[in-house]
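> Let's see this in three dimensions:
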Amino acid sequence: MDALTHQKVWRIAWPIILSNITIPLVGAVDTAVIGRLPGPDYIAAVALGAIIFDFLFWGLNFLKIGTSGLTSQALGAGDESRAAAHISRAFVIAIGAAVLILLLHPLIIDFALGIFKTEPAVTSATEEYFNIRVWGSPAVLANYVILGSFIALQKTKYLFFHQMLLNITNIVLDLVFVLGLGWEVQGVATATVIANYTACLAGLGWLTGSSGVLSTRLSLKNAVSENLRDYLPLIKLNADIMVRTACLVFSFAFMAWMGSRLGTLFLAANAILLHFQTIMAYGLDGFADAAESLTGRAYGRRSPTALLRAVKYTTIWAGATAMFCSVTYMVFGHQIIRIFSIDPQVIDTATSYLHWLVISPLVSVWSFQLDGIFTGTTHSKEMRNGMLISTTLFVCLSLLLTPLWHNHGLWLAFVIFMAFRGFILWLWFPRIPRSIEGSGLMKSAPPR
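Numbering: from 1, shown residues only. Here you go, the predicted structure:
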C-alpha cells in the first residue's frame, strides 16, 4: 500500500470537495430561482420543504456514512467479498426505507406542517412542494449508498461526475420549469426529482463498471436472502449514526422553527444564511470523507501509526480551507446573499447576521473532521453520545439567548453548538488509537 502523502490526500479529497459543494447547490439553486419571484413566501415555502426532507434524508445519511466506513475497513483488511457484501446490504436497506417513506408520506407532511405554524400561503406551497419531491426518495437513498461506495473505493472522480450530473440537471430544469414555464414551487420539486433519478442511474452504471472485482460480487439477490445476523454490524453502526444525524437535522430544523417564530422575514433570511453553512460544511467534508476512507483502511489494517498520519494530513488541509471559507464570506458575503433574493428586506436582514457565518467555518471544521475520523473507525457510539449532548446544549441556549438578543442570540447558540460538537469528540479521540493498541492485532505502518 502506498505511503500517505499530502498529494494523496488531495488526490482523494479534491473531487469530493468539488462534488460535495454541489450537494447543497440543489437547495441553493432552488432558493435562488424561487427568489426571483416577488415576496418572501416562496423562499420560505421551499426552505421549509427542504427542512422536512432534511429530516427524512439526512436522517438516513447513515447509508452513505456507514457504507463508507465498513467498506473501507473491509478493503483495508484485504477482504473484497466482505466489502461488496456491505454495499449490497446497504442498497437493500435503502430500497426498504424509500418504500416506507412513500407509504407514510401523507402522515409525514401533516405532522410536519402541524409543528411549523406558518402563514396559509407558505403552508399550501410547502405541501405542494413536498408531495412532488417525495417521489424522488428511492433515487436519493440509492445515491447515498453509491456515494459511500465511491469514497470507500477511493474512486472519487466518479463521485464528482455523479454530483455534477445531478446538479447540472437540477439547475437546467429549475430554470426551464420555474422561470420558463412558470411552475413556481412545483417546478422546483419536479426538477429535483428528475435530477436525482438521472444521477442514480448513471451512478449505478459507474459503480458496477468501475470497481473492478467488486462489481462482479455486488448482488441484491444474495443480500436479500442473507441471514439477519449478517446485517447486524451495519444496523448497529447505522442506528448510532442515524441518531447522530437526526440530532443534527433536528438542530437545523429547531433553528428554522425559532426563526419562524420571529417572523417570515427572519425565516427567509436565516434560510439563505444556512446555505452559507451547508455549502461550507459540504466543502470541508471533502477532507472529512478523505479522513474517513484513510483512517478506515488504517483501522482495518490495525495500524495506529497510519491512522494518526491520516488524521494529521487531512486535518492540516481542513483547517487551511476553513480559513479560506471565512475570508471568502467576509469579502463576498453580501454579493452572495444578493444571488439568493431580490427582496430588499430579505437582503438587508440576512446581511445583518452575516458575521456569524464568517466565524462559523473556524469553529465548525473540527467537528466535521472528527466526524469523518470516528466514522471511518466505526466508533459510532461516541458520535451518537456527543451529538445528543451538543443538541441538548443548543436547544437550551437557543431558548435562553433568543429572547435576550433576538436573532443574534439564536446564531450565537448555533455557533456554540458547532464548537462544542468538535470539542467533545476531541476529548474522546484518544480512545481510537488505544482501541487498536489494545486489540492485540497491531501492524506497523508501511514505510514512508
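> contacts and neighbour counts: CA atoms only from here.
Fine.
> Is Ile342 in a helix, a strand, or coil?
Here Ile342 is coil, with the state taken from DSSP: H, G, I helix; E, B strand; the rest coil.
> Quick check: phi and psi at it.
phi -110, psi 0 (degrees, to the nearest 10).
> count of neighbours near it?
Neighbour count of Ile342, defined by other C-alpha atoms under 10 Å: 17.
> Tell me how far it lies from Ala32.
Separation of Ile342 from Ala32 (C-alpha to C-alpha, to the nearest Å): 9 Å.
> Ok, Glu184 next?
As defined by C-alpha to C-alpha, Glu184 lies at a distance of 12 Å from Ala32.
> swap in Gly409?
Gly409 is 27 Å from Ala32, where distance means C-alpha to C-alpha.
> Can you pick out the residue with more neighbours from the two?
Ala32 (20 against 17).
> The more buried one against Phe340, yeah?
Yes: counting by C-alpha atoms under 8 Å, Ala32 does reach Phe340; the two are 4.1 Å apart.
> so Phe150 is in which element?
Applying DSSP states H and E as the criterion places Phe150 in helix 137-152.
> what's Asp343 sitting at in phi/psi?
Taking degrees, to the nearest 10 as the convention, Asp343 sits at phi -80, psi 120.
> Next, count neighbours for it.
For Asp343, using other C-alpha under 10 Å, the count is 15.
> Please identify which helix or strand holds Trp257.
Secondary structure (DSSP H and E) places Trp257 in helix 232-262.
> tell me the mean pLDDT over the helix or strand that comes right after that helix?
Counting by DSSP H and E, the element after helix 232-262 in chain order, helix or strand, is helix 264-300. Regarding helix 264-300, the rounded mean pLDDT is 83.
> now helix 264-300, how far from the chain's geometric center?
From the chain centre to the centre of helix 264-300 is a distance of 6 Å (C-alpha atoms, centre = their mean, to the nearest Å).
> Let me know the angle separating that helix from helix 232-262.
Helix 264-300 runs at 160 degrees relative to helix 232-262, counting by axes from the mean of the first three to the mean of the last three C-alpha atoms, to 10 degrees.
> Next, count neighbours for the residue nearest to Arg338 when sequence neighbours are not counted.
Closest residue to Arg338 apart from its sequence neighbours, by C-alpha to C-alpha, 6 or more residues apart in numbering: Ile347 at 6.4 Å. Ile347: 22 surrounding residues under other C-alpha under 10 Å.
> quick one: Ile347 and Asn270 touch, right?
No: counting by C-alpha under 8 Å, Ile347 stays clear of Asn270, with 10.6 Å between them.
> so what's the residue nearest to Arg338 up against?
Contact analysis of Ile347 by C-alpha atoms under 8 Å, 6 or more residues apart in numbering lists Ala269, Ile337, Arg338, Ser341.
> For the last one, give its distance to Leu274.
Distance check for Ser341 against Leu274: by C-alpha to C-alpha, it reads 14 Å.
> So which of these two has more stuff around it?
Ser341 (25 against 18).
> Please determine how far Leu294 is located from Val331.
From Leu294 to Val331 the distance is 34 Å (C-alpha to C-alpha).
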